[in-house]
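Asker: coords please:
(6 chains)
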Number of protein chains: 6
Amino acid sequence: MFHHVKELQFNARVSEPDPKFAALLLEQFGGANGELAAAMRYFTQAFSTRKPYPDKYDMLMDIATEEFSHLEIVGATITMLLDGVNGELKNAAEASPLNKLTKGKAGKEDVLHEALTNPQFLVQSAGGPTLTNSQGVPFSGSYIDANGDLTVDLRSDMAAEARAKITYEYLMKFTDDPLVHDSLRFLMTREIAHFQMFGAALETIQPNFPMGILQGDPRHTHTYFNLSNGAEARGPWNEGQGPWSAGESWDYVKEPHKHVIDTQGEINHEPKSVNITQKQVEAKNKELSHKRSAEVKAKTTSAPTQWSSYPQDSIDSPVKAQTTGI
Amino acid sequence: MFHHVKELQFNARVSEPDPKFAALLLEQFGGANGELAAAMRYFTQAFSTRKPYPDKYDMLMDIATEEFSHLEIVGATITMLLDGVNGELKNAAEASPLNKLTKGKAGKEDVLHEALTNPQFLVQSAGGPTLTNSQGVPFSGSYIDANGDLTVDLRSDMAAEARAKITYEYLMKFTDDPLVHDSLRFLMTREIAHFQMFGAALETIQPNFPMGILQGDPRHTHTYFNLSNGAEARGPWNEGQGPWSAGESWDYVKEPHKHVIDTQGEINHEPKSVNITQKQVEAKNKELSHKRSAEVKAKTTSAPTQWSSYPQDSIDSPVKAQTTGI
Amino acid sequence: MFHHVKELQFNARVSEPDPKFAALLLEQFGGANGELAAAMRYFTQAFSTRKPYPDKYDMLMDIATEEFSHLEIVGATITMLLDGVNGELKNAAEASPLNKLTKGKAGKEDVLHEALTNPQFLVQSAGGPTLTNSQGVPFSGSYIDANGDLTVDLRSDMAAEARAKITYEYLMKFTDDPLVHDSLRFLMTREIAHFQMFGAALETIQPNFPMGILQGDPRHTHTYFNLSNGAEARGPWNEGQGPWSAGESWDYVKEPHKHVIDTQGEINHEPKSVNITQKQVEAKNKELSHKRSAEVKAKTTSAPTQWSSYPQDSIDSPVKAQTTGI
Amino acid sequence: MFHHVKELQFNARVSEPDPKFAALLLEQFGGANGELAAAMRYFTQAFSTRKPYPDKYDMLMDIATEEFSHLEIVGATITMLLDGVNGELKNAAEASPLNKLTKGKAGKEDVLHEALTNPQFLVQSAGGPTLTNSQGVPFSGSYIDANGDLTVDLRSDMAAEARAKITYEYLMKFTDDPLVHDSLRFLMTREIAHFQMFGAALETIQPNFPMGILQGDPRHTHTYFNLSNGAEARGPWNEGQGPWSAGESWDYVKEPHKHVIDTQGEINHEPKSVNITQKQVEAKNKELSHKRSAEVKAKTTSAPTQWSSYPQDSIDSPVKAQTTGI
Amino acid sequence: MFHHVKELQFNARVSEPDPKFAALLLEQFGGANGELAAAMRYFTQAFSTRKPYPDKYDMLMDIATEEFSHLEIVGATITMLLDGVNGELKNAAEASPLNKLTKGKAGKEDVLHEALTNPQFLVQSAGGPTLTNSQGVPFSGSYIDANGDLTVDLRSDMAAEARAKITYEYLMKFTDDPLVHDSLRFLMTREIAHFQMFGAALETIQPNFPMGILQGDPRHTHTYFNLSNGAEARGPWNEGQGPWSAGESWDYVKEPHKHVIDTQGEINHEPKSVNITQKQVEAKNKELSHKRSAEVKAKTTSAPTQWSSYPQDSIDSPVKAQTTGI
Amino acid sequence: MFHHVKELQFNARVSEPDPKFAALLLEQFGGANGELAAAMRYFTQAFSTRKPYPDKYDMLMDIATEEFSHLEIVGATITMLLDGVNGELKNAAEASPLNKLTKGKAGKEDVLHEALTNPQFLVQSAGGPTLTNSQGVPFSGSYIDANGDLTVDLRSDMAAEARAKITYEYLMKFTDDPLVHDSLRFLMTREIAHFQMFGAALETIQPNFPMGILQGDPRHTHTYFNLSNGAEARGPWNEGQGPWSAGESWDYVKEPHKHVIDTQGEINHEPKSVNITQKQVEAKNKELSHKRSAEVKAKTTSAPTQWSSYPQDSIDSPVKAQTTGI
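Answerer: Model prediction:
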């Protein structure tokens, strides 16, 4: 259950209206890396985490709730940047142009041009935010990554925070209003904080690599296919030990076409530069399968199930649904 | 700013897992008439309402917050209906089929069939909700209507509540779990309550017809074009006084093609069955333009602007931004 | 079956080309509240209405047909506003800039800028309308609400007409061409007329509240959850009788969190301020279920079925399909 | 302006309800190659054709109008295939399952399964068509090709008719209802007829190759890049004269990588197997530019412009707008 | 398997940065008729062609690979047109405006305006291409036509090449950079070449009309419905022999409404102007069904199947999968 | 430039057709975490990396090319799983059901049911892949993250590989064909390998945290807002040092609402638990701005620019465009 608090989490202020920057800022309202995308990502992921990992659930819901609070800050800022638009449009019988919208310019032509580059505010929302990105593309549920595995979801979350951070960084180049700048800097900073939270949470899950349950096939984990011609770039991503365990290293396939024919399409490819055997892989797979599966199942209470206790005084879900009182 | 309360607004319970009904219920999670669409509709509309109409803002945010709380109920129910899916998928090394998912049936074929009709839970989310409708179509920002005019927005809201209500009504035909039924009935009922709230709020705005500011052109308001051949259906929507003022009535154009040629494409069409003149229309337009425009502008405080006071102890927005402390 | 008449329903005229306004006007061609959305909304709704409610079917098809005719007016106006674009682009071998498109300005830079803010006409359609909104977002089937219940659909239609009306009202602020203004005013006025038609039709269906069949649960219909902190706004939407029957009133829950815990998530919530009992609700539900279900089924002729008679000389569908002559 | 005729263009009939085939048939209602896509394609293309090529305009509008009439046939068939669904859903208070929907089967499980594979009809539209394809993907304006050049548009139209035809051919494999089969065969056949109409119209435009105005660069028109290794397939598309003029032939580049380096990225590539020179190309470009540009401009009457005459008794557009009577 | 060659297929060069033209050029990167759409169209179609028609498969893959190479040229050009954007954005701490982006203009206002009309490069990608069209609409899989029949697919491909060609033709009007012009002309020319290849390939398939397998119903193939009123346009698409066989001709239905009633919705319509009988049609249908079905089935090797041989030294697929070595 | 090699990178094989699994596997063809999304993500990111970081460019293009090769493997597998579909559909004149598609079952009903749950293969593509996910949602350009900063993009890439890996892991639960399993395991393993490559590359960029250029505001970096009521979960993500430098720690805000009011919306919030000062932050910001901006600008050769040399014998881009030979 949610509660709305009338005070914004950050004291959003605006020095003067600026419809153009308002349009850019939509990127953080309804864009792919915006605040609603963030809020819904963590909120959606939280559900399947609730029972088996209630501590991670609590973190995901805290951050989701903060992102909803950020969405409100962004929407409030956009609305203040558009101050005057709604009042002018309500003056519907008046033939004179919407002069107030174009600082220091005059004439219908400028207003029209403004409208053309900014139709969402003048023809659709009349001065409020729209659930689109800065180019008018509607928000999409496809922005949400929720794959039911914390070693995956937390990585998606860290990457999403990185994208949101850089978007605020870019946006700050396009306003010199110090009050707006201040809000954006707060929001940008919180993405860094969340990134750190997700990273710390990921570290508490061991092992977290490879993500999910299954180990890679040792014949294919360490291979780098040099699929371009000509001058080659080498680095820790395709030579030397790289991120592998001691004694292991990258296996650089210089001529992939020849290699593929030689190995009959990788079927006869023997693992190289890897210390683990197929048997060990299988054993690891089974072990982790059983561990994680057991963790999840242990918390799957037998039916009927109930989501909350009243009051919810423990971090764990209720054991059993009350079925009276329907 | 938002706050999350761990207890669900309604005590959502599930008698036993039912992945198929979970899929149908997605319609209310990420569908066009679902809870996120409702929450974002009122939340988005609220911004431009905040200053000129703080009482309507408060109502819109209360209901938006309730819809977020309903979204949580729907997500929780879907997750409980999918109990077991995540645990089975974590058992990744195990070759045996996901038997638990198909009650009373056996064999891989059934599980596969299940997966095919339900891939979002088995291949994408692994047992949690997805931000899609029941057919997998991602949620879209285009579901959100926010047009910057309360006489329009409140009507959009009433219609949206009507659609949400009927969707719950249909959904209830497809589950006989009494616990799930109970939650759905609560959610359905709240749509009725919200419909009434929006209707009552619309009544406090006068005049609220025509929606927006401008009156219709009296030459065209009362005309019904009979654009089909053959047997005609007549009713209060095309004959008699209908919803018009006393002394006015519908003007039924039986042969639209002839009429269009006779009037040179409506240009020479004289108003009929209408009591208002073009002059009166213009006067009304000016009067309401000035009234509404003034209402909105009066509350548009001069820049710099600030969204909240700390604490926000009045229903009105703060008069002026504090610009110290940046 | 449809027939095309070469005369436009309204005599659309344009004083001079204006590519920028053409772009804004796309909002009414392929936008969410545009004429195609309107036409397809009523057309799609009409199908399931045809047999049980042939008078409403006739109205829906008349209005749908008028909306197709409006779509043609909008497309014709856009095309006339773009006069010259196609001819210039056909001059493909000529290096000189598209001067005619930028009134009173010169140079490639201006044309390019124009193109950038208006690419749909210069790079995609070459001077005709595109099936998008004013920002280039393609028309979407998700704009169409058709829920198979007239008490819902007619409300969706009224709201949609309200949105279309306000969009025309906003658009009129951005052109001062009196001929275009004249067309827009006609189109805007027709939305008002349609709104009245749908409203009148809704009134002929009794009861039409709650929409659909089922009554609300009396424990939850009258409750208002005060989900925000601080200063409260009260009005007919959360205090007093509001839109309820005499003797009933809103039940204002001042502290929802406490209330939810006290009622164990609403399960122990007793109806307050409501005069109807659960039993009465159930009786009403059954009664209306039978009535409406019977209405619909009565008109569902036994198979084989046929859509039209030749000629269709009655408002009702044919009773039985002819199965000879295949 | 459009007119609706109550008789369907084809006598659509259904032997008995079949919700599954109804779902497949949506492909032709709101799918990429369906009837609405066809209708809107020709309708949208027609606008910019109206003045310069009124005969093609007339053809495009005739066929667009027929496609709207086909859309109605498809929608009517879907609705008849769903007979019974709406009536059952209206019986909302009744706990018993929707037995009628699953022929010869019993029990809630089957109905639920049906609903899951068919949610659009049971949870969204309640027994009418939806503006989606057979998988629930909403219709999109991006299905519409309208590029402002008849040598391009007519080719798009022929291809679209080909796709629509094959879709009907596939659909017919999934119903054995002879009445439905009959309707589908009519619709499929009309796609063939339209294909022929568009082809005949394209032939009347000379030259129509290359499409548009500009000739290709003779250095690159005749080259075939063999971009795959190994065994090569040769045919009239990469060897011999192919579709070229007498004396010309394909220029097969066997080793593209070597060729690209040898020609410094095609810059030093001399035309081979081509009879036309760059100069001749330039002359042709200018000639056709002037011809087509002149054709279009000749019909672009000076402003103010008007779309129709009342009555429209000639195939040409009116010369000049009447500006009285506003 | 693919291989990347560092040299571009065409030597793409840019005289100076031009962010506005970069935005327009996105139409060919992620637009409906752009290079990715082309590449994926042929690539996707190729799969089902591989076994039965390996020569056509080879052609489709050669052209798909060339289109990927063109996508790279377009992306490279966009990036060079944006030279400087990324460097400026990296200068994140600097308050001074992005002067370099607006040639000959000064001040934040201009940069902001630029950003507003071009947000994808300044706020999203920071100076690289985005997978959208020129208006920011994301690339969509719905642009891809692949219908599993070469007589259909090759026609879709020819139409797609026509659209891509005209798009390049339009784009060339908006840049006067001779180096960019040179690249665009190469790309435009290749669309012509591909059009010819697909046309030549289509000719090798006989019969290829009607597309697919089934003949049209002779009652409906030759009919033209005159669905508009007033002055009529006649031409080879609705009068005379048109594209039909000798002795056949168009059957012009002047009054479709009367015709439909007379024929009871086409059911009693006798073929006219056609030489083929229903019997002959059925025979043709069977014959071609057997021929094409046999062609495809003949190449469907019995399971287990394998896609490639190592090496793939013949144009045909391998006969049988090797099942050792898993 | 790309080259196609007829041998698949992995020897994809199929034991027997399985249309249902083919549908699930579409998730990796046109789904959000599928192979095309991966290929286009790295390919699109590579462009702006080309000049300043040619070694990362080379890596991104190698991996993009491998992902295109994987896309081919997935498409080939889907096609082999559908063996027989195309041949059956070509048998268009035959009334008998598509028996071969439903192993061991008989009757039209089963085939129809199959078609309904799998319409993309039977009604759209006729036995080849479609550019959609497993539920028919078209591939979207919005799946592609490319933000013009390697510290962001490489994190997006690692997260995307994690999602792709888990999707293969889930898919493997739904097939027991050992040959298909083998291909999926190869593909899954390569996602792990790529994840490691991107991680290793990210490590070579220092500093890479915070991502982008700007440091966070030290007042907000270390704060955790406890936005839920009740029992609290504590862990390294909100208590203790967490991922911060020695001497720093999380600042847990237990009562956010009180905190926000106390700090006047964070404006008077003094940094706590952080060792860095605002001045130091500013200095760091400037330093890194200059460094990264200089890195990028240094490689931005003055115009005119050229993308490739012929041959491209160095890893760096050519210094200057050749402008002869146009």
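
Asker: list the buried ones in stretch A:286-299?
Answerer: Using 16 or more other C-beta atoms under 10 Å in any protein chain shown as the test for burial, stretch A:286-299 gives A:288-289, A:292-293, A:296-297, A:299. Any C-beta I mention is one placed from the backbone N, CA and C, and that applies to glycine too.

Asker: Now residue A:154. Nearest residue, chain neighbours left out?
Answerer: residue A:202 (4.4 Å; C-beta to C-beta, 6 or more residues apart in numbering or on different chains).

Asker: what do you get for residue A:213?
Answerer: residue B:92 (3.9 Å).

Asker: can you list the residues of the stretch 51-200 of chain A near chain E?
Answerer: Proximity of the stretch 51-200 of chain A to chain E, by C-beta under 8 Å from any C-beta of the partner chain, involves residues A:117-118, A:133-137, A:166-167, A:169-176.

Asker: shaky segments in chain A?
Answerer: A:95-116, A:301, A:324-326 (pLDDT under 70).

Asker: how about the helices in it?
Answerer: A:19-25, A:27-30, A:35-49, A:54-81, A:85-90, A:108-117, A:119, A:150-172, A:178-203, A:256-262, A:278-298 (DSSP state H).

Asker: deepest of the ones you listed, which one?
Answerer: Most buried of the helices of chain A, by mean neighbour count (mean count of other C-beta atoms under 10 Å in any protein chain shown): helix A:27-30, with a mean of 28.

Asker: Could you double-check that residue A:12 lies in contact with residue B:307?
Answerer: Yes. At 4.9 Å, residue A:12 and residue B:307 qualify as touching, with contact defined as C-beta atoms under 8 Å.

Asker: what's the overlap in contacts for those two?
Answerer: Among the neighbours of residue A:12, those also in contact with residue B:307 (C-beta atoms under 8 Å, 6 or more residues apart in numbering or on different chains) are A:76-77, A:80.

Asker: With distance to chain F added, can I get the residues you listed in CSV?
Answerer: Formatted as CSV, these follow (distance: C-beta to the nearest C-beta, whole Å):
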residue, distance to chain F
A:76, 11
A:77, 13
A:80, 14
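
Asker: of all of the stretch 151-300 of chain A, which residue lies closest to chain F?
Answerer: Nearest residue of the stretch 151-300 of chain A to chain F, counting by C-beta to the nearest C-beta: residue A:265, 2.7 Å away.

Asker: For burial, what's the neighbour tally of the closest residue to residue A:163 other than its chain neighbours?
Answerer: For residue A:163, ignoring the flanking residues on the chain, the nearest one in space by C-beta to C-beta, 6+ apart is residue A:33 at 4.2 Å. Burial measure for residue A:33: 27 neighbouring residues, criterion other C-beta atoms under 10 Å in any protein chain shown.

Asker: Do I have it right that the residue nearest to residue A:154 meets residue A:151?
Answerer: Yes. With contact defined as C-beta under 8 Å, residue A:202 counts as touching residue A:151 (7.0 Å).

Asker: tell me, what's touching those two both at once?
Answerer: Going by C-beta under 8 Å, 6+ apart, residues that sit against residue A:202 and also against residue A:151 are residue A:208.

Asker: Which residue is it, in chain A, that comes closest to chain E?
Answerer: Going by C-beta to the nearest C-beta, chain E is nearest to residue A:135 of chain A, at 3.1 Å.

Asker: contacting residues around that residue?
Answerer: C:135-136, E:119-120, E:132, E:135-136.

Asker: Can you pull up the most central residue in chain A?
Answerer: residue A:160 (3.2 Å; C-alpha atoms, centre = their mean).

Asker: Isn't that residue up against residue A:41?
Answerer: Yes. Between residue A:160 and residue A:41 there is a contact at 6.2 Å, judged by C-beta under 8 Å.

Asker: Name the residues contacting each of these two.
Answerer: Both residue A:160 and residue A:41 are contacted by residue A:145, under the criterion C-beta under 8 Å, 6+ apart.

Asker: Could you dump the helices of chain A into CSV with distance to residue B:141 added?
Answerer: Below are the helices of chain A laid out as CSV (distance: least, C-beta to C-beta, whole Å):
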stretch, distance to residue B:141
helix A:19-25, 15
helix A:27-30, 5
helix A:35-49, 9
helix A:54-81, 13
helix A:85-90, 20
helix A:108-117, 20
helix A:119, 15
helix A:150-172, 17
helix A:178-203, 20
helix A:256-262, 43
helix A:278-298, 34
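
Asker: That'll do, ta.
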